[in-house]
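Novice: Please work out how this folds:
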Amino acid sequence: MKSDLFSSESLAQPATAPGMTLQNAKSVKYTVNGEMHARQGSMIAFRGNLQFERKSQGLGGMLKRAVTGEGLPLMVVSGQGEAWFAHEAANCFIVEIEQGDALTVNGRNVLCFDATLSYEIKTVKGAGMTGGGLFNSVFTGYGKLAVMCEGTPIVIPVSHQQPVYADTDAVVGWSASLQTSLHRSQSVGSMIRGGSGEAVQLKLEGEGFVIVRPSELVPQKTGN
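Specialist: Coordinates of the predicted model:
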């Protein structure tokens with residue numbers, strides 16, 4: 001049988017080493033030899049001897065019972081084999097976190113990550129009950145984290161001289177060392193006249209970067 005479908009770009013290749021790689025722009029391949037963690041329901045295929053265990057809600061520094069602040073449950077994948085992960089055809093990106101790094105990520109943008117990474121749910125200081133959520137996921141340690149995003153994200157440097165103001169619905173993540181607060185860019189008069197639709201932003205100050213996606217939050221699909 002012949003088809004462009006069987007090109008090297010689409011065909012899954014045999015694993016050469018354990019760990020995480022991009023299968024393509026929309027999916028991540030993970031060669032499991034032990035344990036890893038993933039967004040529940042994100043596995044689209046696997047082969048080998050793997051077990052998928054759902055974790056109940058709860059907090060723990062070592063991810064004993066993992067669930068994001070956005071109410072996104074995670075699962076532990078263990079055994080030996082290969083698994084592919086994706087979510088609603090969002091673009092996937094792999095971030096390699098080294099010792100001393102700390103990355104804050106919105107829970108809705110987490111796809112999967114190495115078990116060597118430590119994970120903690122923290123309140124976003126100064127954010128209040130904004131559209132972007134009150135809680136975010138802080139990753140530290142060493143290992144790889146797969147982040148997903150609708151469209152191609154924009155990484156904006158932040159400095160003491162140039163803070164960045166981001167729509168709370170568009171923020172994917174930022175350097176955990178940055179200071180956060182709410183910034184109101186709309187006058188009372190404008191709000192009375194109906195508003196601009198850009199009333200409040202998340203202000204990020206310090207030295208680091210912020211990742212934003214090129215769209216605001218799309219309402220979650222609900223079942224019938």
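Novice: Which parts of this protein are helices?
Specialist: 188-192 (DSSP state H).
Novice: can you list the weak-confidence ranges in it?
Specialist: For the chain, the stretches with pLDDT under 70 are 5-9, 55-72, 125-134, 185-199, 216-224.
Novice: again, 80 this time
Specialist: Residues of the chain meeting the criterion pLDDT under 80: 1-17, 55-73, 122-135, 183-200, 215-224.
Novice: if I look at Arg54, how far off is Met20?
Specialist: 21 Å (CB to CB, to the nearest Å). (Glycine included, C-beta is placed from N, CA and C.)
Novice: Looking at the two, which is more packed in?
Specialist: Applying other CB atoms under 10 Å to Arg54 and Met20 shows that Met20 carries more neighbours, namely 22 against 10.
Novice: Quick one: end-to-end length of stretch 102-111, please.
Specialist: Its first and final residues considered, stretch 102-111 spans 17 Å by CA to CA, to the nearest Å.
Novice: what's the answer for stretch 33-51, then?
Specialist: Start-to-end, stretch 33-51 (CA to CA) is 12 Å.
Novice: repeat for stretch 36-49
Specialist: Its first and final residues considered, stretch 36-49 spans 14 Å by CA to CA.
Novice: buried set for that stretch?
Specialist: If you call a residue buried by 16 or more other CB atoms under 10 Å, then stretch 36-49 has these buried ones: 36-40, 42-43, 46.
Novice: How about stretch 204-220?
Specialist: Here stretch 204-220 shows 204, 208-213, 217 as buried, counting by 16+ other CB under 10 Å.
Novice: from those, which two are the most distant?
Specialist: Gly208 and Leu217 (22.8 Å; CB to CB).
Novice: In JSON lines: the buried residues of stretch 36-49, plus distance to Ile156.
Specialist: Shown next, in JSON lines, are the buried residues of stretch 36-49 (distance: CB to CB, whole Å):
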{"residue": "Met36", "distance to Ile156": "30"}
{"residue": "His37", "distance to Ile156": "28"}
{"residue": "Ala38", "distance to Ile156": "28"}
{"residue": "Arg39", "distance to Ile156": "25"}
{"residue": "Gln40", "distance to Ile156": "31"}
{"residue": "Ser42", "distance to Ile156": "27"}
{"residue": "Met43", "distance to Ile156": "32"}
{"residue": "Phe46", "distance to Ile156": "36"}
